[in-house]
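Engineer: Provided below for reference: sequence and predicted model.
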Amino acid sequence: MSAEAIFSVSGLTKRFGEGEAEVLVLKGIDLSMAAGEMAALLGPSGSGKSTLLTILGTLMRASGGTHDMLGVDLMQASEGQRTKFRSKHLGFVFQFHHLLPDLSALENVMMPAACAAGRETRAMRERATELLDAVGLADRRDYRPSAMSGGQRQRVAVARALINNPVLVLADEPTGNLDRQSADHVMDLIRSINQTMATSFLISTHDEHIAGQCPRRIELLDGRIVRS
Amino acid sequence: MSPYAVKLAIRHLLSHPGQTALLMAGVALGVSVFIFMSALIGGLATLLTLRTVGSIPHIVMEMPDRDPAILSPDGHAQVVLQKDLSRRDQIAIWQPVIPIIEKTPGISAVSPQIRGSAFIERGQTVAPVGVIGVMPGKLSEIANIDAAMVDGSSNLPADGILIGSRLARDLGLRVGQVVRLSSDRGRARSFRIGGVFTLGIASADRQAVYMNFTTARALFDLSTGISRIEIRVVPATDAAAIAERLRRSTGLKATSWTEDNSQLFEGLDAQARTGIIIKAFSLVTIIVGIASAMLLSIVRRQSEIGIMRAMGASKGLVISIFVLEGTLIGLVGAIVGAVIAWLALLPLPPVTEVRSGGLPIDRAHGDFLLAITLTTLAAMLASILPARNAARIDPVEAIGA
């Protein structure tokens, strides 16, 4: 792992099923990312993009290989340690916003921090307000997701991913559900945050237009990295 | 229980008012049934006890039985002393005993009485009666004769008697008529019927005759002693313990009403057990209702739970949220049910005023606090399993990442 790398995986494999039904989805991934880097993860459907993001996000364990991040051996960490690590250092943006429908935009942004602390604090509220302001939704802070457009919801989801000041945000098709204008707006936002906050982004996409806005391309084909 | 779990649980309940209200209404219904059954079964027990003990003495004190005693002298000889039938059963020295009884805690009324058997004669008709000679002012100490009067007055002059309504009907007697009473001691005299009462107890209404204490003393040839001392206690259920205390302090035989009514207690016990089963079923209904509603809610909210887990929510936090939701549904539903039951029971008359065909409901037996506590606990228990299921949801599957 290089001195500036925030994570590094080596020989990473993932298999699903057993016996004859066994499928090897990741076939030995070697990958690392530097702090402040912004990369697009490209590949056709079934190439293993989502599985790789899920493993990097500690939502799933790899079947083999090594997985280190910020000096922590995440292959050996317990489930509780991985949950805490995830909460502290990682952010997520999904294709569907997955905002909690009962909470306002501000409360949704605060949610990851409040889950970790067990309460909402004034500091969280101020940070969430700043983030909503940064994504251009300061005037929508008290709106529930049902009262916002698809693009607005996804911007709230981006703000939510940043509440704990993560070193890495994993975005799985973050614009896949948006029209071109909203998608560009969200990508502008991500690029701006990457540059101003030095947060690393790994963005899974099969949209060349989106990938073109990322300084680094990582291409996945049939469970292997073919370009990095 | 973190404040954030409390906030999320309350927020979810408030965000779905229709569903929350429906669940709480189900719980409230179960609690109302629980309270109604408690009040009914308790009221029934109170009514039966009141009807049984309402007009009878709770404790009767008499001379101890003079049973034959078996002596065990040296050797193999056995000597049996036969029962002494040469003397009448009477409490000869009774005046010093009365203050001892009156000072005993729990005693509400004491009535020294002279009792005996007699025949009432009118023309050619003769009927056996039980005569009760009561002291002035003590007529209604045991059975409330004053309240039971249906004709005439309850005064007891030296030549007056009060008779039961069945006896009056059987012999065609009315207030003011004169009848002749012959006691089992061979004495007889005429009396004027001063009043007729209906106690609602067939044996008393057919056979009891009340008369002046002094007159009874003469009729039954008892110069100084009395036949028995009748006592009422509060509460009536303490009678057995108080009787035991009186037995020790006076040396007299003290029989509580509970000894003569063991079948009533068996009946009340069986009734209470039936009530427990019905109440348990209403609790089980609440548990099943809440558990199934929570399971459905969890299926519907899988992606929410998944995203929270993905964002770092611990399993403990997820469990707390769902257990709290179930507990709040139980608590609020139980309170609403208790208030509804209380309001519904409010217009019903107290057990003491229940008429024939009415429901003997006793609100004091409603077990309101017990119903709320048990229901809240049941709701909490019902939520644990669904909550554990929620915590086990795989965030990857739930959000389709």
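Structural biologist: Great, that's in hand.
Engineer: before we move on, what SS does the closest residue to chain B within chain A have?
Structural biologist: Going by Cβ to the nearest Cβ, chain B is nearest to residue A:87 of chain A, at 2.5 Å. The way it works is simple: take the backbone N, C-alpha and C, and place the C-beta from them, glycine included. Assigned by DSSP: H, G, I helix; E, B strand; the rest coil, the conformation of residue A:87 is helix.
Engineer: what number of residues lie near it?
Structural biologist: The number of residues packed near residue A:87 is 22, by other Cβ atoms under 10 Å in any protein chain shown.
Engineer: Not including adjacent chain positions, what is the nearest residue to the residue of chain B found nearest chain A?
Structural biologist: Closest to chain A within chain B is residue B:312: 2.5 Å, counting by Cβ to the nearest Cβ. Using Cβ to Cβ, 6 or more residues apart in numbering or on different chains and skipping the chain neighbours, the partner closest in space to residue B:312 is residue A:87 (2.5 Å).
Engineer: From what I see, that neighbour and residue B:311 are in contact.
Structural biologist: Yes: with contact defined as Cβ atoms under 8 Å, residue A:87 reaches residue B:311; the gap is 7.0 Å.
Engineer: list the residues that contact both of these two?
Structural biologist: Both residue A:87 and residue B:311 are contacted by A:112, A:115, under the criterion Cβ atoms under 8 Å, 6 or more residues apart in numbering or on different chains.
Engineer: Only C-alpha atoms, please: export the helix or strand hosting residue B:146 in PDB.
Structural biologist: In the assignment (DSSP states H and E), residue B:146 maps to helix B:145-148. Output of helix B:145-148 as PDB, limited to C-alpha atoms (Å, rounded to 0.1, in the frame of the first residue of the first chain):
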ATOM      1  CA  ILE B 145     -84.500  -5.900  59.500                       C
ATOM      2  CA  ASP B 146     -85.300  -2.200  59.500                       C
ATOM      3  CA  ALA B 147     -84.600  -2.000  55.800                       C
ATOM      4  CA  ALA B 148     -86.400  -5.300  55.100                       C
END
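Engineer: And the following helix or strand past that helix, what does it pack against?
Structural biologist: Sequence-wise, the next helix or strand downstream of helix B:145-148 (DSSP H and E) is strand B:149-152. With contacts defined as 3 or more Cβ pairs under 8 Å, 6 or more residues apart in numbering or on different chains; DSSP states H and E, strand B:149-152 has these neighbours: strand B:188-197.
Engineer: contacts for the longest helix along chain A?
Structural biologist: Assignment by DSSP state H gives helix A:180-197 as the longest helix of chain A. Here helix A:180-197 makes contact (Cβ under 8 Å, 6+ apart) with A:36, A:38, A:134-136, A:149-151, A:154-155, A:158, A:162, A:165, A:169, A:171, A:174-175, A:178, A:199-201, A:203, A:207, A:210, A:213.
Engineer: elements contacting whichever helix or strand comes after that helix?
Structural biologist: Next in sequence after helix A:180-197, counting helices and strands by DSSP H and E, comes strand A:200-205. Applying 3+ Cβ pairs under 8 Å, 6+ apart, we find strand A:200-205 packed against strand A:23-34, strand A:38-42, helix A:49-56, strand A:168-172, helix A:180-197, helix A:208-211.
Engineer: mind listing what residue B:179 touches?
Structural biologist: Counting by Cβ under 8 Å, 6+ apart, residue B:179 makes contact with B:120, B:121, B:122, B:161, B:171, B:173, B:190, B:191, B:193.
Engineer: how far away is residue A:127 from residue A:193?
Structural biologist: Distance, residue A:127 to residue A:193, using Cβ to Cβ, to the nearest Å: 14 Å.
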